[in-house]
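In: Give me the fold of what follows.
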Amino acid sequence: QVQLVESGGGLVQAGGSLRLSCAASGVTISRYGVAWYRQAPGLERELVAEISGGGIAYYTGSMKGRFTISRDNAKNTVFLQMNNLKPEDTAVYYCNLGTTYYSGTWSPGTYWGQGTQVTVSS
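Out: Down below sits the predicted model:
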């Protein structure tokens, strides 16, 4: 049974940093793209960053330069280092296994974690 467990969220002041972790079990993630999404209240879930099985990273818009996605295949874990956090980064952050890109569109895979809350105060 595939499980993704996120951790590392919390409350931080604007300008601060957090490091999120997504630990996978029941699957070897090394061959898959893994992505972080986030969902703020009243808004749709949006892609934050994705890292391919080969380690190539993609970032959405305002996350470029502030967030870094990485993976440790030996630990079956993907990380999201978030620096210079802003109040608008407040959301529940979700890990997704199997996110793919095709014809200009990112599509999430089947498996999601339960999410971890990130709150950034001004």
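In: Centroid-nearest residue for this structure?
Out: residue 36 (2.0 Å; CA atoms, centre = their mean).
In: excluding its backbone neighbours, what's nearest that one?
Out: residue 48 (4.4 Å; CB to CB, 6 or more residues apart in numbering). For the C-beta atoms, the positions are set from N, CA and C on the backbone; glycine is no exception.
In: Specify the local secondary structure of the one you found.
Out: Secondary structure, DSSP: H, G, I helix; E, B strand; the rest coil: residue 48 is strand.
In: and residue 62, that's in a helix?
Out: Yes. Judged by three-state DSSP, residue 62 forms part of a helix.
In: Can you report how many residues neighbour it?
Out: The number of residues packed around residue 62, counting by other CB atoms under 10 Å, is 12.
In: Any chance you could list what contacts the strand or helix carrying the residue nearest to the centre of the chain?
Out: Secondary-structure element containing residue 36, defined by DSSP states H and E: strand 34-39. Contacts with strand 34-39, where a contact means CB atoms under 8 Å, 6 or more residues apart in numbering, come from 20, 22, 24, 45-51, 69, 71, 78, 80, 89, 91-99, 106, 108, 115, 118.
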